[in-house]
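Asker: Below: sequence and its predicted model.
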Amino acid sequence: MTGGHHITIERSSRPVRVVHGGEVLARSDRTLVLRETGCPDRYYIPAEDVRLDLLTPSATQTYCPFKGTASYWSLPDAADVVWAYPDPKPDVARIKDHLCFYEVEVS
């Protein structure tokens, strides 16, 4: 990465679970941990391990100069709770087809 900004991605050794309002939204033991300078660790969950049927695509998009353009999904009572990079930059290509939630349980 550039100018002291670093991103590392590795396979998590611990299972991850996402629960909202008592509903399990995701559960995975194939999660990637993305560590980025100045940011909390983020767990990227394979799309196959996420209950996509409970999520609605959002119009929100954000841009990160290190990862690319993110798309978001919402729940009926929570906007933009999860995001993904459909076409991530080459340095973080491993997160393609993975989703990231703001709140996760790591066990």
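Answerer: Alright, I've got the coordinates. All of these numbers come straight from a predicted model, not from anything done at the bench. Numbering: from 1, shown residues only.

Asker: Could you point out which residue ranges in the protein have low pLDDT?
Answerer: 1-3, 107 (pLDDT under 70).

Asker: Show me where it has its strands.
Answerer: Assigned by DSSP state E, the strands in the chain fall at 7-11, 16-20, 23-28, 32-36, 42-46, 56-64, 68-75, 78-84, 98-101, 105-106.

Asker: Of these, which is nearest residue 90?
Answerer: strand 68-75 (9.5 Å; C-beta to C-beta). The C-beta positions use only the backbone N, C-alpha and C, and glycine is treated the same way.

Asker: residues making contact with the closest one?
Answerer: With contact meaning C-beta atoms under 8 Å, 6 or more residues apart in numbering, strand 68-75 is reached by 20-21, 25, 52, 54-58, 60-64, 80-89, 92, 99.

Asker: still on that earlier bit, what would the strands of the chain look like in JSON lines with mean neighbour count?
Answerer: Output for those, formatted as JSON lines (neighbours: other C-beta atoms under 10 Å):
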{"stretch": "strand 7-11", "mean neighbour count": "13"}
{"stretch": "strand 16-20", "mean neighbour count": "19"}
{"stretch": "strand 23-28", "mean neighbour count": "18"}
{"stretch": "strand 32-36", "mean neighbour count": "18"}
{"stretch": "strand 42-46", "mean neighbour count": "21"}
{"stretch": "strand 56-64", "mean neighbour count": "11"}
{"stretch": "strand 68-75", "mean neighbour count": "18"}
{"stretch": "strand 78-84", "mean neighbour count": "18"}
{"stretch": "strand 98-101", "mean neighbour count": "22"}
{"stretch": "strand 105-106", "mean neighbour count": "13"}
